[in-house]
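Novice: Next comes the sequence, and after it the predicted model I'd like to discuss.
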Amino acid sequence: MTDLWDRLDEAIGQLSDITDIRAAAIVRRDGLVIAHNLPDGVDPKLVAAMTAAIVGTSEMATLQLAQGPFARAVIEAQDGKMISMGAGEEALLVALVYKDANLGLVLMGMDRVARRVDEILRPGVRSTTGTETW
Amino acid sequence: MPDDLHPRLRAILAELRRVPEIVSVAIARRDGLLIAHALPKSMNPKKIAAMAASIVGTSEMATVEIGHGSFLQSIVDSSNGKMLATGAGQEAILVTMVRSEANMGLVLLSVDRAAREIAQVIDEAEPESREVEA
Amino acid sequence: MSAQAVHLPDRARTGIPILDERLQGGFPRPSTLLFFSEKPTEKRLFAEHFAIEGAKGGETCLYVDFYRAPQLARREFTRFGSFPQDRITFVDATSSQLLVPSSEAYHIDDVSDLLEILAVIERAIDERRPSRVIIDSMEFLADRFSKDDVFQGWRRLIDAARRAGSVICLLFINWTYRDRELNTIRAMSDFILEFQSSMRGGIIRNTMRVSQLEAGGIKTNWIPYTFRDFAGVTVYFPRILVTGPFNAGKSTVVQTLSEKAVSIDRMGTTVAFDYGNVNVMGIEAEVFGTPGQERFEFIFKIFAREVNGVLLVVDATRPQDFERARHMLALVGPKLPYVVLANKTDLPGALPSEEIARQMGLAEGTPIVRTVATRGEGVREALLVLAEMIIGVR
């Protein structure tokens, strides 16, 4: 199982390697932190909850609006962008991006890592290692 | 569009809808109540208003937490369109549905202008913005 | 230096107040505890926590470690914070395996000689008279010696502990024994602590449960826990949901419970969620408030997944909202433990709890705690009641 964490950390690292990405997190769809490299002073649990709220709500909104499947949510602010998207059934990916980023490269990179995370988490999405009987 | 909707709001929305790539619009209160819209009823405008308010509220908290300064707008990308949400003054949010191949430059200019105008109208008006149904 | 504290308490605390309370102070002295898990790491962590908890309280502990050199173990113990080092005595079983001389007072020189192993441990117990003994771990013996010899040894260790009035913790992973053997081991134990680890959607959840074979004894649910530096093993609830009708006081509940809470609200109503982190009585909980307005019910689909328990907040002066409260509870999910907070009981017109229970159609025995969230009254109590329900000690 430590292998899983190494692979997830590696995925976060791959994302950070993209110049325009400042930091990133892998978050469970219900708002719990899976892995991250967010800077100190940023509460990863709060970011996880907010990402889940934004993506979950956006997905439901696009359903209402019959706009086809949700792809990503981009939150633009004065000093940067926050991009979040699905990473498989269980997880979401969120990246903090510099203001003048080359979005094309960022999105390509994020899509790639999102697929990677989906692969990492998919087999045995729910696995128990303990035994119930005693 | 209802007859009793503030005529200036009606004018602003009509102007916005003249942009070819803009499919539909809605104005919501920041607490999720619907003020005005030009959506087909099947898309449940009240739900959209609440979801947009939730997304904007969460995004405003997120941008501060991650150190990106003040929130500008949220863009939800789907395969067949985008949903933009931006503040329109202290009490309202402007939600705009856009075609996916849109020329975002023109769209954003129009949306920004409309949001500013809406802010003027609503923030000047009665303390209570009225909830109206189209 | 006296090997025994001036006065040994007759119970060995776990240091987890909510458990200790149910155990009437802790595990009785003497008693035999079986620590069981599929993987070594989980039970060992709790064994270390238990030993160090004793040391912090001035008790002597004997730690028999077949896998780690005492120096390494001591280093790993530092993450539990500071404690009097001389209170934990190691029985060194690794130096001989590494062919180096031991610097411990008690050392096993031939791990292939079961009689020597038992003799050294017995001597350590008889001489030190520790209040807590940890054997880490029995499968080391089960791997090397016959089943019958192991069981004989097991009994010897239990007897030695009993003579010294110690609480002995025998760690065990089962690799080869069948039901019959497991039942024998179980029958020799007073308490069984089981540890389990599972992964759900990329997040590891560690749980433990405590049970007693004696009728009417403790029998907890699976308790989620985590490890916190210095505090050690901590009961951990990843999500306590605070829900209820609009304006019942949910956001206030979250804010008053938490040292630092965040609320996403506009024009007097929550539009997304409230979030805070609470630490009380050895329990850490992440508390989530939902919006109360119907138009935000979609939020439940996002957050109401792995919920440990619910604090259902109602305005005690507004029975017209009770039905809505029931509806929101249903949105979170059936069969979740929940506590009703009858809030705003400082206001005129606040209904008595029996009346609230009747009008809400609550099941018999549903806890109702009267609160004034704006003054922080009753809120912690409600959370503790919920915690007891989740753990299974209520």
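Specialist: Thanks, I have the structure now.

Novice: Can you name the residues that contact residue C:24?
Specialist: By C-beta atoms under 8 Å, 6 or more residues apart in numbering or on different chains, the contact set of residue C:24 is residue C:11. C-beta coordinates here come from the backbone N, C-alpha and C atoms, glycine included.

Novice: what's the neighbour count on residue C:363?
Specialist: 7 (other C-beta atoms under 10 Å in any protein chain shown).

Novice: so it, which of the three states?
Specialist: Secondary structure assignment for residue C:363 (DSSP: H, G, I helix; E, B strand; the rest coil): coil.

Novice: thought residue C:331 was touching residue C:300?
Specialist: Yes: with contact defined as C-beta atoms under 8 Å, residue C:331 counts as touching residue C:300 (4.5 Å).

Novice: Of the two, give the one with the bigger neighbour count.
Specialist: residue C:300 (19 against 15).

Novice: which residues do residue C:331 and residue C:300 both contact?
Specialist: If you check residue C:331 and residue C:300 against C-beta under 8 Å, 6+ apart, no residue is contacted by both.

Novice: could you measure the residue most central in space within chain B against residue A:89, distance?
Specialist: Geometric centre of chain B, nearest residue: residue B:94, 1.4 Å, by C-alpha atoms, centre = their mean. Distance, residue B:94 to residue A:89, using C-beta to C-beta, to the nearest Å: 33 Å.

Novice: again with residue C:365
Specialist: 38 Å.

Novice: Compare neighbour counts for the two and give me the winner.
Specialist: residue A:89 (11 against 7).

Novice: Just the element for the more buried one, please.
Specialist: Using DSSP states H and E, residue A:89 sits within no helix or strand.

Novice: just so I have it, where are all the helices in the chain?
Specialist: Since no chain was named, I'll use chain A. Here chain A has its helices, by DSSP state H, at A:2-17, A:44-64, A:103-121.

Novice: actually chain C
Specialist: Using DSSP H, helices in chain C cover C:17-22, C:40-56, C:70-77, C:114-128, C:139-144, C:147-164, C:179-187, C:250-257, C:298-303, C:322-332, C:353-360, C:379-391.

Novice: If we ignore the residues flanking it in sequence, what's nearest the residue nearest to the spatial centre of chain A?
Specialist: Nearest residue to the geometric centre of chain A (C-alpha atoms, centre = their mean): residue A:93, 1.0 Å. Spatially, and ignoring its direct neighbours in sequence, residue A:93 is nearest to residue A:87 (4.4 Å; C-beta to C-beta, 6 or more residues apart in numbering or on different chains).

Novice: burial count for the one you found?
Specialist: Quick note: residue A:87 (other C-beta under 10 Å) scores 27 neighbours.

Novice: wait, what's in contact with it?
Specialist: Applying C-beta under 8 Å, 6+ apart, the residues near residue A:87 are A:26, A:93, A:113-115, A:117-118, A:121.

Novice: same deal with residue C:266?
Specialist: Residues in contact with residue C:266 (C-beta under 8 Å, 6+ apart) are B:30-32, B:53, B:57.

Novice: Go again with 10 Å.
Specialist: By C-beta atoms under 10 Å, 6 or more residues apart in numbering or on different chains, residue C:266 lies in contact with B:29-32, B:53-54, B:56-57, B:60, B:90-91, B:93, C:272.

Novice: For ChimeraX, what selects the buried ones among the residues you listed?
Specialist: Those of the contacts of residue C:266 that count as buried under 16 or more other C-beta atoms under 10 Å in any protein chain shown are selected in ChimeraX with:
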select /B:29,30,31,32,53,54,56,57,60,91,93 /C:272
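
Novice: From the contacts of residue C:266, which land in strands?
Specialist: Among the contacts of residue C:266, the ones falling in strands (DSSP state E) are B:29, B:93, C:272.

Novice: where in the chain is pLDDT low?
Specialist: Since you didn't name a chain, this refers to chain A. Along chain A, segments meeting pLDDT under 70 span A:1-2, A:123-134.

Novice: not quite, I wanted chain B
Specialist: B:1-5, B:126-134.

Novice: Return the residues of it in contact with chain C.
Specialist: Applying C-beta under 10 Å from any C-beta of the partner chain, we find that chain B lies next to chain C at B:29-34, B:46-47, B:49-62, B:65, B:90-91, B:93, B:129.

Novice: just checking: which of those also lie near chain A?
Specialist: Here is what survives when those are matched to chain A using C-beta under 10 Å from any C-beta: B:47, B:50-62, B:65.

Novice: related to what we said a few turns ago, looking at neighbours, which among the contacts of residue A:87 is most surrounded?
Specialist: Most crowded among these, counting by other C-beta under 10 Å, is residue A:93 at 29 neighbours.

Novice: surely that residue meets residue A:117?
Specialist: Yes: Residue A:93 lies in contact with residue A:117 (C-beta atoms under 10 Å); the separation is 6.3 Å.

Novice: how about stretch C:34-43: buried residues?
Specialist: Result for stretch C:34-43 [16+ other C-beta under 10 Å]: buried residues C:34-38, C:42-43.

Novice: ok, back up a step: right, so of the helices of chain C, which gets closest to chain B?
Specialist: Smallest distance to chain B across the helices of chain C (C-beta to the nearest C-beta): 6.6 Å, for helix C:298-303.

Novice: May I have that closest one as CSV, with CA atoms only?
Specialist: Below are the C-alpha coordinates for helix C:298-303, written out as CSV (Å, rounded to 0.1, in the frame of the first residue of the first chain):
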residue,chain,number,x,y,z
PHE,C,298,-27.7,19.1,-3.7
ILE,C,299,-24.8,19.6,-1.3
PHE,C,300,-25.8,16.4,0.5
LYS,C,301,-25.0,14.3,-2.5
ILE,C,302,-21.4,15.6,-2.3
PHE,C,303,-20.7,15.5,1.4
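
Novice: other SSEs contacting that helix?
Specialist: helix A:44-64, helix B:45-65, strand C:232-243, strand C:269-280, strand C:283-289, helix C:322-332 (3 or more C-beta pairs under 10 Å, 6 or more residues apart in numbering or on different chains; DSSP states H and E).

Novice: So the third one, near chain A or not?
Specialist: Put plainly, it is strand C:232-243. Yes: looking at strand C:232-243 against chain A by C-beta under 10 Å from any C-beta, the contacts come from C:238-239.

Novice: From the chain's centre, how far out is that strand? Work that out for me.
Specialist: Distance, stretch centre to chain centre, for strand C:232-243: 11 Å (C-alpha atoms, centre = their mean, to the nearest Å).

Novice: What degree of burial does residue C:201 show, as a neighbour count?
Specialist: Other residues close to residue C:201 by other C-beta under 10 Å number 18.

Novice: That one touches residue C:306, doesn't it?
Specialist: Yes: counting by C-beta under 10 Å, residue C:201 touches residue C:306, with 8.6 Å between them.

Novice: what touches both of those two?
Specialist: Going by C-beta under 10 Å, 6+ apart, residues that sit against residue C:201 and also against residue C:306 are A:28, A:30, A:32.
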